[in-house]
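Asker: give me coordinates for this.
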Amino acid sequence: MADHQEASITLPSDPASVPAARRYVADLLTAWGLPGEAETADTVRLIVSELATNAVQHTLGQSPTFTVDVWLEERDGELRLGVTDSHPRWPQRLPAAVQQDNGRGMVIIRSLAAECGGRVSVTPTPEGGKTVWIALPWTAAPVQS
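Answerer: Okay, the predicted model is just below:
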């Protein structure tokens, strides 16, 4: 396997795209050597689900698609996941005291990333949208060909 792998998929901003994004990333990571039953695989699937859901629900119809980018830098031992949409509003942090049924996605994402020793960042796109990036340590064994 190469030291660097990358892949991406662009999907419509529709709730049906959330499981498609999760499946795409899960299948990709399995191909790259992360067993599907690994705890990290569960964490990555949940993070992708939350990011894709945010891209669909919180762009208020102003982003017709979202893109999931996956980069693996084996030499650096890092997996990077990014979800990009074209809406200019960045994720908002809710105060802990706010009582509502939604809006906890980024709290979940930050917590999961921190538990794995990872980090979260948000970067602007040249078109005025943003990408939410998650960087996680990569510890999978290489796939034998």
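Asker: for the lowest-mean-pLDDT helix or strand in the chain, buried residues please.
Answerer: Least confident helix or strand of the chain, by mean pLDDT, DSSP states H and E, is helix 105-115 with a mean of 87. Within helix 105-115, the residues scored as buried using 16 or more other C-beta atoms under 10 Å are 105-106, 109-110, 112-113. (Each C-beta comes from the backbone N, C-alpha and C, glycine too.)
Asker: tell me the contacts of the residue positioned nearest the centre of the chain?
Answerer: For the chain, Val48 is the residue whose C-alpha lies nearest the centre (C-alpha atoms, centre = their mean; 3.9 Å). Residues in contact with Val48 (C-beta atoms under 8 Å, 6 or more residues apart in numbering) are 21-22, 25-26, 68, 81, 83.
Asker: same thing but 7 Å
Answerer: The contact partners of Val48, by C-beta atoms under 7 Å, 6 or more residues apart in numbering, come to 21-22, 25, 68, 81.
Asker: ok, residues contacting the least confident helix or strand of the chain?
Answerer: 43, 46-47, 50-51, 53-54, 91, 93, 119-120, 134, 136.
Asker: repeat the analysis, applying 10 Å as the threshold.
Answerer: The contact list for helix 105-115 (C-beta atoms under 10 Å, 6 or more residues apart in numbering) reads 39, 42-44, 46-54, 57-58, 81, 83, 90-94, 96, 104, 118-122, 132-136.
Asker: counting only helices, which of these make the cut?
Answerer: 39, 42-44, 46-54, 57 (DSSP state H).
Asker: what's the lowest-pLDDT member of the residues you listed?
Answerer: Lowest pLDDT among these: Glu39, with 81.
Asker: any idea how far Thr131 lies from Arg22?
Answerer: Distance from Thr131 to Arg22, counting by C-beta to C-beta, to the nearest Å: 18 Å.
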